[in-house]
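>>> the sequence and its predicted three-dimensional model are supplied below.
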Amino acid sequence: MKKLFVLLFVLQGLNMTAQEMLVDKIIGVVGNQAILLSDIEGQHALLEKQQGVLPEDARCYILDQLLVQNMLIVRAKLDSIPIDESQVDAQLEARIGQIMQYMGGDEAQFIEYYGKSPDEVKEDFREDLSNQLLAQQMQQMVLNSVKVTPSEVVDFYNQIPKDSLPYFNSEVEVGEIVIKPVPNKAQLKKTYDQLVDIRNQIIADETLFPKLAKEFSSDLGSARVGGDLGWAKRGQFVPEFEAAAYNLEQGEISQPIKTEYGYHVIQLMGRRGNLINTRHILIKPEILEVDIKKAYNTLDSIRTLVEADSITFEYAVFKFSDEDAQSKNNAGILLNPKTGATVYEIGDLPPEIFFAVDTLKNGQISAPVRFENIQTDEIQFKAILLVSRTEPHVANLKDDYHKIQNATLERKKLSYMEKWVKEQKEKIFIKIDGEYSNCPQVSGFINP
């Protein structure tokens, strides 16, 4: 039962048209929970799409995981574990919202594809999603008490044959202070005045809106369609834009509104309950070379203060680092997107950061490094702190304790979950269709 505790929680059917639905049948029962053929085939098709060719026994492993998931659901209901309906609603809204966004907010297209309205599809999948969240919650409760002691970590490490110990490449932990160039006051006023002029032209002749959007808007995606942003619900726009848009009457055009992206004029094209259809023209104030130089010098001064121990790196991040930088909420320390941990293999670092820290010693901070986003033309400067660096080495308890601790914990969770399943299968009615009784993973579930 490998990876037993890693369950597949897939909201099935959202990408399956009525013509693609299988003729269904029940192939398993766990307590009062039925497992359908479509459950297995839906997940098999999804995995095949994501991973390509699957092993012959893939359906056996899928059924194995569905059996465990349903055992968790049955146990949770027997224990009267409550489900947070607001969380269910939020996830349903998010998933339907993603589909609507992909379809450009066109509800007619949605209905044509699924044969039902968005609200009807949400209700169709409410029970499935509730059960998935309930299983997750039950699994967390089962495993919440699992901890490992230092002696268990040492024992786990000592059980690994010395010639099988993993080899770790050089790893680093790095931090950053981020400063963005900002347009000066003269450029802000110039942009505002330009949008006032554009708004006046549109008020005089509303048919000019698409033409002027294509000509002037910095939002190239919407500019191509005359500034149209399609239908959207609350929470999809930045707060300043959303506040202005929801306060407009249909057909009304806003005064220039400032957001982190620049200045906008917004027109409300339609309202449908909590959904609004808007179009806008965005103009970004130009950032001049003098503004770029100012940002560089500001960060260089901050970096000098940190080097001289006049202020701490953590204080510099708190006081000066850009609010939009993800590292801002982690005291400036970068998180590896692959692992969620604070360490990077040296080869996984972005090239600019790699070269910035290549010659640094632990605790040193680099001169400001320029970063440019090709897609948005955004410029940032970052001063990179090398927190720590390890040399390439064979895994050992001194340098890799936390990794070995995590591996120990995952093994213990797997063992604990297998034990829990074995105990529960003696208490819960389980019946499997004969077609799957030969699956080695599934055979262990059948009560004698």
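Right, received. Where do you want to start? Numbering: from 1, shown residues only.

>>> contacts and neighbour counts: CA atoms only from here.
Noted.

>>> in the stretch 1-150 of the chain, where is pLDDT below threshold?
Within the stretch 1-150 of the chain, the stretches falling below the threshold (pLDDT under 70) are 1-23.

>>> run the chain-centre distance for stretch 264-284.
Here stretch 264-284 shows a centroid-to-chain-centroid distance of 26 Å under the convention CA atoms, centre = their mean, to the nearest Å.

>>> show me the helices in the stretch 101-250 of the chain, by range?
107-114, 118-143, 150-159, 185-204, 208-216, 220-223, 239-246 (DSSP state H, counting those that start in this stretch).

>>> ok, which of the ones you listed comes nearest Ile379?
The minimum distance between Ile379 and the helices of the stretch 101-250 of the chain falls on helix 185-204, with 16.7 Å, by CA to CA.

>>> okay, angle between that closest one and helix 208-216 too, please.
In terms of direction (axes from the mean of the first three to the mean of the last three CA atoms, to 10 degrees), helix 185-204 departs from helix 208-216 by 150 degrees.

>>> quick check: buried residues in helix 185-204?
Of the residues in helix 185-204, those with enough neighbours to count as buried (16 or more other CA atoms under 10 Å) are 187-188, 191-192, 195-196, 198-199, 202.

>>> surely Ile287 is within a strand?
No. Counting by DSSP: H, G, I helix; E, B strand; the rest coil, Ile287 falls outside a strand, being coil.

>>> does Arg126 touch Val88 like I think?
Yes. Taking contacts as CA atoms under 8 Å, Arg126 lies within contact range of Val88: 7.2 Å.

>>> switch the helices of the stretch 101-250 of the chain over to TSV; also include distance to Ser170.
Formatted as TSV, the helices of the stretch 101-250 of the chain follow (distance: least, CA to CA, whole Å):
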stretch	distance to Ser170
helix 107-114	50
helix 118-143	33
helix 150-159	20
helix 185-204	46
helix 208-216	49
helix 220-223	42
helix 239-246	43
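
>>> out of the ones you listed, flag the one nearest Asp358.
Ranking those by their distance to Asp358 (criterion: CA to CA) puts helix 150-159 first, at 31.4 Å.

>>> quick one: distance of the closest one to the chain centre.
Taking the mean C-alpha point of helix 150-159 and that of its whole chain, the gap between them comes to 34 Å (CA atoms, centre = their mean).

>>> can I get it in CSV? Just the C-alpha atoms.
C-alpha atoms of helix 150-159 as CSV (Å, rounded to 0.1, in the frame of the first residue of the first chain):
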residue,chain,number,x,y,z
PRO,A,150,15.4,12.7,18.1
SER,A,151,16.2,9.1,18.9
GLU,A,152,13.7,7.9,16.2
VAL,A,153,15.5,10.2,13.7
VAL,A,154,18.9,8.7,14.6
ASP,A,155,17.5,5.2,14.4
PHE,A,156,16.0,5.9,11.0
TYR,A,157,19.3,7.3,9.7
ASN,A,158,21.3,4.4,11.1
GLN,A,159,19.0,1.9,9.4
